[in-house]
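**Student:** Sequence and predicted structure below; questions after.
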Amino acid sequence: MPDTSLEHTSQRMTLVMILLNAFTTPLMLSAVNVALPAITADLALNAVLLSWVPMAYLMASAMFVLIFSRIADMVGRKRIFLLGTTSVIVTSLIAALADNSTMLIAARFLQGVSAAMLYATQVAIISSVFPPARRGLAIGLTVSTIYLGLTVGPLIGGYVVDTFGWRASFMVHIPLAIIALLIGLLFVKGEWSANVRGSFDLLGAIIYAAALLMLCVGVSKLPGGMSFIFIGGSIFSFIFFFLFERAHKHPLFDVSLFFTNRVFTYSCLAALIIYTATFANVVQVSLYLQYLKGLSATTAGMIMMCQPLTMALFSPLAGRWSDKIEPRHLATLGMAISGCGLALLANLRIESGLGYLIFSLVTTGFGFSLFSSPNINAIMDSVEKRYYGSASGIMATMRIIGQMSSMVLVTLIFTLVMGAVVIEPAHYAALEQAIRSAFAIAAILCVPGLYFSITRGKLRAI
């Protein structure tokens, strides 16, 4: 008989390793969002360059998560996970030392490449280690830990920005990341990879990365004439990539799952939509509180905690419920509640009370927590074990492309409403208009999200 105590010990240590990095990466991400006004003042960034500080990270993550997901299937998921942990530590130090906008944005891009290694492997490792009966709880804990990092990030980030300056926001996560690295090296035994190694789809990787790069550059150049050339090239590249991958023997992006698995397809589309609708909340709320309300970074960080704290509290419960209840019902309810929260945020004005803002953020966060863990569980339960790596990579890609699309949407609105100007009191009315417009569009996006969520099909009988 197998030694179940050793098996459970291995599962616990693996989970601790995953949870530490699930906490540290969003901790840094949300801490940096609070630091954006301080970075803008120190490096004299205009509104467009400001939007590139978070977007460069997301763009790189989106460009490379599929690549590292495939590489992890070939060479080992733990190996890529530990390499990503090391790289995040190094690139965070580089970002903290940046003395101009070019160096900072380049460092953020490298941070995104490093984080892509983690995003590509976290859920795949969890799914490889935990049996289906316990997987929903493990995924729920992972999601909860991510939102715990997002919760404390604004508070810690605000404090270190007010006390030590914006550069400290890039270093707050490093000690815990080092601990996660040591646990992985010393205590997590074994390795997980696909049963069939296959070959790496280099051409597909180049086409995919180029398509995302052209999309982001094109949006940032709107409404100039070159922007439409970049965006058109991006659309063409995405279509070609999809057709190319469908015919490839060992594809980077296994599009066959989209043609054969309705639950998987609609769950991924619903995730793409809700991340597009909600991710830029933290950036916009940070700008709203520090510019339009005149609050300090610390105070703004405390208020910004409300949404991710709500997510952290309810995600484990939602994950546990999804082991017993049909996930699509929980996820659809969550999508609807998030849409209501975004509609409330679309009515946010300079004179709005902080209580109204907090209620709107809590509503959005509660809806998202009901959606996220059940949706992830639905995706992983809908595929066979041999597809865990591909499903995890595709799921991470949907999340990151959604996050990137959220920032692309904000960048587009900032560009059209404000232009390339440094934010100052004379532009506060335009900033309010841009923030409200972005939230309104986000709320509308939840409508097709509801359709995909409720019509995905059943995984199990209720």
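**Tutor:** Perfect, I can see it now.
**Student:** show me where pLDDT drops low in this structure?
**Tutor:** Counting by pLDDT under 70, the chain shows low-confidence ranges at 1-8, 133, 192-198, 220, 222-224, 385-390, 393, 419-424, 459-462.
**Student:** quick one: the residue minimising distance to the centre of the chain and L361, what's the gap?
**Tutor:** Among the residues of the chain, I400 comes closest to the average C-alpha position under Cα atoms, centre = their mean, at 4.7 Å. Per Cβ to Cβ, to the nearest Å, I400 is found 22 Å from L361. From N, CA and C alone the C-beta is placed, and that goes for glycine too.
**Student:** Now for the chain: which helix has the highest residue count?
**Tutor:** Criterion DSSP state H: the longest helix present in the chain is helix 4-43.
**Student:** Helix or strand: which one has I274?
**Tutor:** Take DSSP states H and E as the rule and I274 turns out to sit in helix 262-278.
**Student:** For that helix, output the C-alpha coordinates as PDB.
**Tutor:** The C-alpha atoms that make up helix 262-278 are tabulated as PDB, following Å, rounded to 0.1, in the frame of the first residue of the first chain:
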ATOM      1  CA  ARG A 262     -18.200  23.200 -24.800                       C
ATOM      2  CA  VAL A 263     -17.800  23.500 -21.000                       C
ATOM      3  CA  PHE A 264     -14.100  24.200 -21.500                       C
ATOM      4  CA  THR A 265     -14.700  26.700 -24.300                       C
ATOM      5  CA  TYR A 266     -17.500  28.700 -22.700                       C
ATOM      6  CA  SER A 267     -15.700  28.700 -19.300                       C
ATOM      7  CA  CYS A 268     -12.600  30.200 -20.800                       C
ATOM      8  CA  LEU A 269     -14.600  32.900 -22.700                       C
ATOM      9  CA  ALA A 270     -16.500  33.800 -19.500                       C
ATOM     10  CA  ALA A 271     -13.100  34.100 -17.700                       C
ATOM     11  CA  LEU A 272     -11.700  36.300 -20.500                       C
ATOM     12  CA  ILE A 273     -14.700  38.600 -20.200                       C
ATOM     13  CA  ILE A 274     -14.700  39.000 -16.400                       C
ATOM     14  CA  TYR A 275     -11.000  39.700 -16.200                       C
ATOM     15  CA  THR A 276     -11.300  42.300 -19.000                       C
ATOM     16  CA  ALA A 277     -14.200  43.900 -17.000                       C
ATOM     17  CA  THR A 278     -12.600  43.900 -13.600                       C
END
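**Student:** Would you mind pulling up the elements that the helix or strand just after that helix packs against?
**Tutor:** Moving toward the C-terminus from helix 262-278, the first helix or strand encountered (DSSP H and E) is helix 281-287. Counting contacts by 3 or more Cβ pairs under 8 Å, 6 or more residues apart in numbering; DSSP states H and E, helix 281-287 is packed against helix 4-43, helix 132-164, helix 297-304, helix 306-322, helix 354-381, helix 388-417, helix 428-454.
**Student:** and if we set it to 6 Å?
**Tutor:** Using 3 or more Cβ pairs under 6 Å, 6 or more residues apart in numbering; DSSP states H and E, the elements in contact with helix 281-287 are helix 4-43, helix 297-304.
**Student:** Pull out the buried positions in the longest helix of the chain.
**Tutor:** 10-11, 13-15, 17-40, 43 (16 or more other Cβ atoms under 10 Å).
**Student:** So what angle separates the directions of that helix and helix 306-322?
**Tutor:** Counting by axes from the mean of the first three to the mean of the last three Cα atoms, to 10 degrees, helix 4-43 points 160 degrees away from the direction of helix 306-322.
**Student:** list the helices and strands helix 4-43 packs on?
**Tutor:** Under the contact criterion of 3+ Cβ pairs under 6 Å, 6+ apart, the helices and strands touching helix 4-43 comprise helix 101-119, helix 122-129, helix 132-164, helix 174-186, helix 281-287.
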